[in-house]
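[1] turn this into a structure:
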Amino acid sequence: MVKHSFKMSDVTGDTRVLARSSLGYDFNYFADDETIIFGTGSDATIAWDGDSLNVTSAATEFTGTVALGTTAQMTAGTGVTTGTGTLYKAGVVQQGTIIETTLVFDITGLASNVAGDIIGKDGGTANCHFGQITAATNGTILGGYMTCIEVPAGGSTDIDVYSATVATGAEDAAIADLTETALLAHGGAWTAAASQGFTTVPPADGYLYLTNGGSTSDNAYTAGKFVIKLYGYDA
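    Residues are numbered from 1 along each chain as shown. Presented below is the predicted three-dimensional model:
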């Protein structure tokens, strides 16, 4: 493997500058490994191994906005995203072999219907899931929890979390009509800052649903913000 070295003064107009020309830094690279080496003693390197970008140095500092994410992110069904005033955001970040999934949502505009029914856009709208859990995106899940950051109002304040094997579950339909798994039974009204852990790990390839946990209220939500966190690992 040949190591190429040159000074900033050697860089032509057709070459991408990788160091500050005003300081005249020297830099080196291994062309076949796509590795850039900084410093006379290889003080820092940036390397592409064909799968990952690897940065090595005594310390790595970031300024400004740093965005981390996998190439695949979760999305909710149209029975959630088409609600008036409804908000759904998802992020999946991997640090080492740990994979953290975060769902942030405002259920304003969705409807709760009666106990045991799926929460979603009113009118029996299909595809009321809050995202699919897959090993490829979320890793092998160890556990998770849900936190209330704004108390729900308008609809049922007792909200549970389920997983089901299909994406087509509709508002006003019983979650029990699907092949489902209960993940969190809150057992009462959610209060601000309340947090509760999942009692069951979400099955692989399952879709997340919110359900009316016990109220007979059949109304649209005017408030209600939650965060779901899931922790998994890359096997």
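[2] next SSE after the helix-or-strand element of the chain with minimal mean pLDDT?
    One helix or strand of the chain scores below all others by mean pLDDT, DSSP states H and E: strand 27-30, with a mean of 48. Downstream of strand 27-30, the first helix or strand assigned by DSSP states H and E is strand 35-38.
[3] residues near T75, how many?
    14 (other CB atoms under 10 Å). Heads up, the C-betas are built off the backbone N, CA and C, glycines and all.
[4] where does it sit: helix, strand or coil?
    Secondary structure, DSSP: H, G, I helix; E, B strand; the rest coil: T75 is coil.
[5] report the separation between it and L103.
    According to CB to CB, to the nearest Å, T75 and L103 sit 11 Å apart.
[6] same check, this time on W190
    Distance, W190 to L103, using CB to CB: 15 Å.
[7] likewise for A223?
    Applying CB to CB to A223 and L103 gives a distance of 18 Å.
[8] higher neighbour count, these two?
    Shown here are A223 and L103; by other CB under 10 Å, L103 has more neighbours (21 against 14).
[9] contacting residues for that one?
    Neighbouring residues of L103 by CB atoms under 8 Å, 6 or more residues apart in numbering: 74, 88-90, 130-131, 208, 227-229.
[10] circling back to that earlier point, now for T75 and L103: what residues contact both?
    90, 131.
[11] max pairwise distance over the contacts of L103: which two?
    Taking CB to CB as the measure, the contacts of L103 span a maximum distance of 15.2 Å, between Y88 and K229.
[12] and the nearest residue to E180 once chain neighbours are set aside, what is it in contact with?
    Excluding the flanking residues, the one nearest E180 by CB to CB, 6 or more residues apart in numbering is A164, at 4.5 Å. Going by CB under 8 Å, 6+ apart, A164 touches 129, 175, 178-181, 206-207, 209.
[13] try it again at 6 Å.
    Residues near A164 by CB atoms under 6 Å, 6 or more residues apart in numbering: 178, 180, 207, 209.
[14] which helix or which strand is home to the last one?
    In this assignment (DSSP H and E), Y209 forms part of strand 207-212.
[15] and A136, that one's in a helix?
    Yes: per three-state DSSP, A136 lies within a helix segment.
[16] measure it to T82 for me?
    Separation of A136 from T82 (CB to CB): 26 Å.
[17] the more surrounded of those two?
    Taking other CB under 10 Å, A136 and T82 do not tie; T82 has more neighbours (15 against 11).
[18] now, of the contacts of L103, which are buried?
    Neighbour-count burial (16 or more other CB atoms under 10 Å) applied to those gives 74, 88, 90, 130-131, 208, 228-229.
[19] of the residues you listed, closest to G144?
    G144 lies nearest to K229 out of the buried ones among the contacts of L103, by CB to CB, at 5.6 Å.
[20] mind checking which helix or strand F226 is in?
    strand 223-233.
[21] can you give me the helices for the chain?
    In the chain, the segments counted as helices under DSSP state H are 78-81, 135-138.
[22] rank the ones you listed by mean pLDDT and give me the bottom one.
    Within these, the stretch with the lowest mean pLDDT is helix 135-138, showing a mean of 94.
[23] what about this structure, any weak spots by pLDDT?
    Within the chain, the ranges that satisfy pLDDT under 70 run 1-34, 40-42, 50-51, 64-72, 217.
[24] can you pull up the most central residue in it?
    G91 (2.3 Å; CA atoms, centre = their mean).
[25] tell me how many other residues crowd the nearest residue to it once chain neighbours are set aside.
    Excluding the flanking residues, the one nearest G91 by CB to CB, 6+ apart is T102, at 4.9 Å. Neighbour count of T102, defined by other CB under 10 Å: 14.
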